[in-house]
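> Take this sequence and fold it.
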Amino acid sequence: MLLLVEILGYGTLLIVDGFNAETEALTNGVAIEACLREVAGLLESTQSDLLSLETGSGNSATLRLSESHVSLHTFSDTSSLSLRVFSRHDLRPGEMTDVLEKHFAVRRVESYLSNHSRTMPSDTEARQRALLGDRNYCALRLAPVF
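Numbers count the residues shown, from 1 in each chain. This is a model prediction of the structure:
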């Protein structure tokens, strides 16, 4: 199913990185899905299919909406996470940060906001590749320097 966001292909990208999170929660698939659905509920009332992947160092999941998508990557080995929200709607970063603090007890966050023109593909295989690529990028970006 082709969603409106794929046709229009532009919007705002919010990235919220969380550090010193509760390690056990970062590997809890139920907490990850609940977090994604709560963030998605701040954007739109209708939600689409969830795609989640488990890796040795954490989980990644994405939820597609009609005009948005929300992805979350968790890294238990560094107690960090990255929430990525793409939407054509107004974004409220403070509310999304509150959701991360509620589900993962993050102690420090950094955020980045930009215009963006790449959406999450509707095809499951392409979406899985995009999610893994995004996860690899986040892992490199969040890795401790020292």
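> Centroid-nearest residue for this protein?
Note on the chain: the residue nearest the mean C-alpha position is S71, at 2.3 Å, using CA atoms, centre = their mean.
> can you list contacts of the longest helix seen in the chain?
Longest helix of the chain, by residue count under DSSP state H: helix 124-142. Under the criterion CB atoms under 8 Å, 6 or more residues apart in numbering, residues 17, 51, 53, 55, 57, 60-62, 64, 71, 73, 75, 78, 80, 82, 84, 120-121 lie in contact with helix 124-142. For every residue, glycine as well, the C-beta is placed using N, CA and C.
> Any idea how far it is from the middle of the chain?
Distance of helix 124-142 from its chain centroid, counting by CA atoms, centre = their mean, to the nearest Å, is 11 Å.
> Now it: buried residues?
For helix 124-142, burial by neighbour count (16 or more other CB atoms under 10 Å) applies to 127, 130-131, 134-135, 138-139, 142.
> what does stretch 105-117 give?
Buried residues in stretch 105-117 (16+ other CB under 10 Å): 106, 109, 116.
> just to revisit the earlier point, how about the contacts made by the residue nearest to the centre of the chain?
36, 60-63, 83-85, 120, 131, 134.
> okay, the buried residues of stretch 105-117 in a markdown table with secondary structure next?
Listed next are these as a markdown table, based on DSSP: H, G, I helix; E, B strand; the rest coil:
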| residue | secondary structure |
| --- | --- |
| V106 | coil |
| V109 | strand |
| H116 | strand |
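> Just give me the closest of those residues to R92.
Closest to R92 out of the buried residues of stretch 105-117 is V109 (14.1 Å), distances taken as CB to CB.
> Next up, the contacts around the closest one.
16-19, 97, 100-101.
> ok, now with 7 Å
Counting by CB atoms under 7 Å, 6 or more residues apart in numbering, V109 touches 16-18, 97, 100.
> In these, which residue is surrounded by the most others?
Counting neighbours by other CB atoms under 10 Å, G18 leads the contacts of V109 with 27 neighbours.
> Identify the residue nearest it in space, chain neighbours excluded?
Nearest non-adjacent residue to G18, counting by CB to CB, 6 or more residues apart in numbering: V106, 3.4 Å away.
> Per-residue pLDDT of L132, please?
You'll see L132 listed with a pLDDT of 93.
> Could you point out which residue ranges in this structure have low pLDDT?
Scanning the chain for pLDDT under 70 picks out the ranges 1-9, 47, 117.
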